[in-house]
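Q: Got a predicted model here, sequence first, then my questions.
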Amino acid sequence: MARIVMTDDGIVFDGASLEEKPLGGAETSFIEMANALAARGHEVIVCNKCPAERTHRGVHWRPLAQGVPDSADLYIANRGDRLIRLCPKAKRSIFWIHNPAGYLLKARYQWKLALRRPVIVFSGASHAGTYPGWAFAGGREIVPYGVTDLFRHATPREQVPPPRAIFTSNPLRSLDWLLELWAARIRPAVPGAELHIFAGAATYGAAGAAKADRMGLVLDRAAALADHGVVLRGPVPKTQLVGELGAARALLYRGDIGETFCSAVAEAQAMGLPVVLEDIACMSERVIPDETGYCVKGEADFATAAIQVLSDDTLWRRLHRGALAQQRGWGWDDAAASFEQIGGLR
């Protein structure tokens, strides 16, 4: 058993938050990794902005303000520059990032990365490509996010669902674009189709609160399209989201240049839900074209693909079965095993 210390200085959350409230992808991934490493027999200590010290699913959570242990077999700093040089006597260190890596080129990151030389972990090839070769690192590795186990046990659906599309990402990530395309092209071609929006500021904690006004404008537009089949549902915890994905027919998402993995799409695919995406950033890494969904260029092709998935039952069955067969094999235990290997624990 190894001693693993993990740190994060973003929003307030702890291990129970995953079951209790909606969370963003970075926070979800951090919790899932901690849980998976503990399940593999390691002592895992998390120091973050949790409200109080507690142990949850074998992981010891404690407020970052109480300090960070000086030593560990493996130290995992999560995204923040002030964390890079903590736990100075750790045998190995990883710097795990979740956003496009351009921000690491700031001086306050580069000098710390130059001194510590942690292995930087990216979530995919597109993500790794955002960090130039000349920038400091003690190594570069790609470890895709696992799919939360809750989404990995769907069975093939006997009945083709009604034309209900779903959006489960950040409303500032092109939801306005999707709403316009839905009202102008998709809904008129599929009468009775619905677009359910599971999105809102609550998912992102303090960061979401700072953008609440901007999100509100987009969500107000969604609410105004009720006559076009748009249903504003708000964010929900994953325990509820699994049922919503299981009732939907497709996930529609344009993508965003800020995406580096997109757990929303990965979760939908693992549930056997066909997706229609635009070829932006990492989106092409989340779908197997014409087997589990579509990744297209431009709004015309996006609308055409969405209309087909929402209206062609034979096509839907093929994409549904393809996603179930091919898109749920990699879980958090697999991702944790990769972190063990990077950290010299196996």
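A: Happy to help now that I have it.
Q: Start and end of stretch 90-110, how far apart?
A: By Cα to Cα, to the nearest Å, the extent of stretch 90-110 from end to end equals 20 Å.
Q: Show me what the mean pLDDT comes to for it.
A: Stretch 90-110 carries an average pLDDT of 98.
Q: buried stuff in that stretch?
A: Buried residues in stretch 90-110, counted by 16 or more other Cβ atoms under 10 Å: Ala90, Arg92, Ser93, Ile94, Phe95, Trp96, Ile97, His98, Pro100, Ala101, Leu104, Tyr109. C-betas here are computed from N, CA, C, even on glycine.
Q: show me the contacts for the fifth one.
A: With contacts taken as Cβ atoms under 8 Å, 6 or more residues apart in numbering, Phe95 has the following neighbours: Ala77, Ile84, Leu113, Arg116, Pro118, Val119, Ile120, Val121.
Q: hmm, who's touching stretch 331-346?
A: If you take Cβ under 8 Å, 6+ apart as the criterion, stretch 331-346 is touched by 2, 4, 32-33, 35-37, 39-40, 42, 73-74, 76, 91-92, 94, 119, 121, 139, 141, 143-149, 152.
Q: which residues of this protein score low on pLDDT?
A: Scanning the chain with the threshold set as pLDDT under 70 gives 201-210.
Q: can you rerun that using 80?
A: 200-212 (pLDDT under 80).
Q: where along it do the helices fall?
A: 17-20, 25-39, 107-116, 125-128, 175-181, 187-189, 205-210, 212-224, 238-247, 263-270, 299-311, 313-326, 332-342 (DSSP state H).
Q: export those helices to CSV and tack on distance to Pro69?
A: Below are the helices of the chain laid out as CSV (distance: least, Cβ to Cβ, whole Å):
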stretch, distance to Pro69
helix 17-20, 23
helix 25-39, 15
helix 107-116, 16
helix 125-128, 29
helix 175-181, 42
helix 187-189, 55
helix 205-210, 25
helix 212-224, 36
helix 238-247, 30
helix 263-270, 29
helix 299-311, 49
helix 313-326, 41
helix 332-342, 18
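Q: most packed of those helices?
A: A comparison of the helices of the chain by mean neighbour count, using mean count of other Cβ atoms under 10 Å, puts helix 263-270 on top with a mean of 26.
Q: and that helix, what does it pack onto?
A: helix 25-39, helix 238-247, strand 250-253, strand 275-278 (3 or more Cβ pairs under 8 Å, 6 or more residues apart in numbering; DSSP states H and E).
Q: okay, these in JSON lines with distance to Gln326 next?
A: Shown next, in JSON lines, are these (distance: least, Cβ to Cβ, whole Å):
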{"stretch": "helix 25-39", "distance to Gln326": "21"}
{"stretch": "helix 238-247", "distance to Gln326": "17"}
{"stretch": "strand 250-253", "distance to Gln326": "16"}
{"stretch": "strand 275-278", "distance to Gln326": "13"}
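Q: Those: which one's closest to Lys211?
A: helix 25-39 (15.3 Å; Cβ to Cβ).
Q: Hey, what's the angle from the closest one to helix 238-247? Just curious.
A: Put simply, helix 25-39 runs at 110 degrees to helix 238-247, going by axes from the mean of the first three to the mean of the last three Cα atoms, to 10 degrees.
Q: Can you list the helices and strands that helix 25-39 packs against?
A: So helix 25-39, by 3+ Cβ pairs under 8 Å, 6+ apart, packs with strand 3-8, helix 17-20, strand 43-48, strand 59-63, strand 74-78, helix 263-270, helix 332-342.
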